[in-house]
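K.L.:
Below is the sequence, then the predicted model.
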Amino acid sequence: MAGVGPMTQDWEPVVIRKKAPNSAAKRDEKTVNAARRSGADIETVRKFNAGTNKAASSGTSLNTKRLDDDTENLTHERVPTELKKAIMQARTEKKLTQSQLAQIINEKPQVIQEYESGKAIPNQQILSKLERALGAKLRGKK
């Protein structure tokens, strides 16, 4: 830094102020009373359903009526009985156990058990694997 003029220090005072009062402090009883004494305009607004839980329970009557009127059956499609029997019959003709068949199609034995018990949701990929492994047409049996 040679050749640069004399260095000076900045001795200006720095003033640190408190934060402005937040909205909760503005609603403080002391603050409101001070504002009343000074003659300032004060607006008070009562919130609708303030401090109660009525809003949560009152609006459900429309939904409950709609749910009561709803008679739609919302269940997944299951494996039909004909398909269960066809899988079991083709597997036993090939003299395979459920776990052997599962190993052939690269699935878990539980998948074969679910299909044969009718609990599985039909999956076209698995059905095509079963058709190839068993050499039987299964998807036309639906």
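P.N.:
Yep, it's here.

K.L.:
Tell me which residue is most central in the chain.
P.N.:
Leu74 (19.3 Å; Cα atoms, centre = their mean).

K.L.:
Just the pLDDT for that one.
P.N.:
Model confidence at Leu74, given as pLDDT, is 75.

K.L.:
again, but for Pro80
P.N.:
pLDDT for Pro80: 90.

K.L.:
For the chain, which segments count as helices?
P.N.:
Under the criterion DSSP state H, the chain contains helices at 23-26, 29-38, 54-58, 60-69, 81-93, 98-104, 109-117, 124-134.

K.L.:
Against Thr92, how distant is Val111?
P.N.:
Distance, Val111 to Thr92, using Cβ to Cβ, to the nearest Å: 18 Å. In short, each C-beta sits where N, CA and C put it, glycine included.

K.L.:
So if I had to pick from these two, which one is more boxed in?
P.N.:
Per other Cβ atoms under 10 Å, whichever of Val111 and Thr92 has more neighbours is Val111, with 18 against 10.

K.L.:
For the more buried one, give me its contacts.
P.N.:
Contacts for Val111 (Cβ atoms under 8 Å, 6 or more residues apart in numbering) come out as 102, 120, 126.

K.L.:
was I right about the second one contacting Glu114?
P.N.:
Read it as Ala120. Yes. At 3.7 Å, Ala120 counts as touching Glu114 under the criterion of Cβ atoms under 8 Å.

K.L.:
Between the two, which contacts overlap?
P.N.:
Val79.
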